[in-house]
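> just a sequence and a predicted model for now, questions to come.
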Amino acid sequence: MNNDKKNPVENTVASSGYVNRGALKVDATVADQEIKFPTDVGLLNVSREKLEMIIDLLFIRELDVSKLRIYRRKARKEFLNLSKKKRKSKKVIRKGIKAQLQYVNRDLGMVDKMLAKGPGRELIL
């Protein structure tokens, strides 16, 4: 069978040497919809997660008696419950911000305590 009659698109691509690399958006008004705008609760959640990571880095099993409770799952669950709501009232947003602020404040206090506990922990960060 003749390859010219099978698939004309493959023949033109193969003969020209170009490879399809995806879709090209020509219109300037077209934009992707997956843009995430920063919100107060979202920024607090990110900072809480970073603080939890710092606490994990500062924890030294030999020096610390037990790992501190940071309510990681509870804080994440509260954040997700708020962020998934379609319609958020001012009261719900205020409560969510307050809760995330309390988690961030608690984590900051723990980081300060851990840094004051032993010498050389600043070098870890």
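Structure received. Numbers count the residues shown, from 1 in each chain.
> can you pull out the helices in this protein?
3-6, 8-16, 40-58, 72-83, 90-117 (DSSP state H).
> is it possible to export the ones you listed to JSON lines including mean pLDDT, mean neighbour count and distance to D64?
C-beta here means a position set from N, CA and C on the backbone, and glycine is covered the same way. Below are those laid out as JSON lines (pLDDT from 0 to 100; neighbours: other Cβ atoms under 10 Å; distance: least, Cβ to Cβ, whole Å):
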{"stretch": "helix 3-6", "mean pLDDT": "54", "mean neighbour count": "9", "distance to D64": "70"}
{"stretch": "helix 8-16", "mean pLDDT": "56", "mean neighbour count": "10", "distance to D64": "62"}
{"stretch": "helix 40-58", "mean pLDDT": "92", "mean neighbour count": "16", "distance to D64": "9"}
{"stretch": "helix 72-83", "mean pLDDT": "94", "mean neighbour count": "15", "distance to D64": "17"}
{"stretch": "helix 90-117", "mean pLDDT": "92", "mean neighbour count": "15", "distance to D64": "8"}
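> list the contacts for L101?
The contact partners of L101, by Cβ atoms under 8 Å, 6 or more residues apart in numbering, come to L44.
> ok, back up a step: export the helices of the chain as TSV, with columns for distance to A23.
Converted to TSV, those look like this (distance: least, Cβ to Cβ, whole Å):
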stretch	distance to A23
helix 3-6	25
helix 8-16	16
helix 40-58	29
helix 72-83	30
helix 90-117	37
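> out of the ones you listed, which gets nearest to I124?
Nearest to I124, of all the helices of the chain, is helix 40-58, at 5.4 Å by Cβ to Cβ.
> against E49, how distant is I93?
Per Cβ to Cβ, to the nearest Å, I93 is found 20 Å from E49.
> ignore the last one, L43
11 Å.
> same check on L68?
Distance from L68 to E49, counting by Cβ to Cβ: 16 Å.
> same question for K36.
K36 is 15 Å from E49, by Cβ to Cβ.
> go ahead and flag the most central residue of the protein.
Nearest to the geometric centre of the chain sits V46, at 6.4 Å (Cα atoms, centre = their mean).
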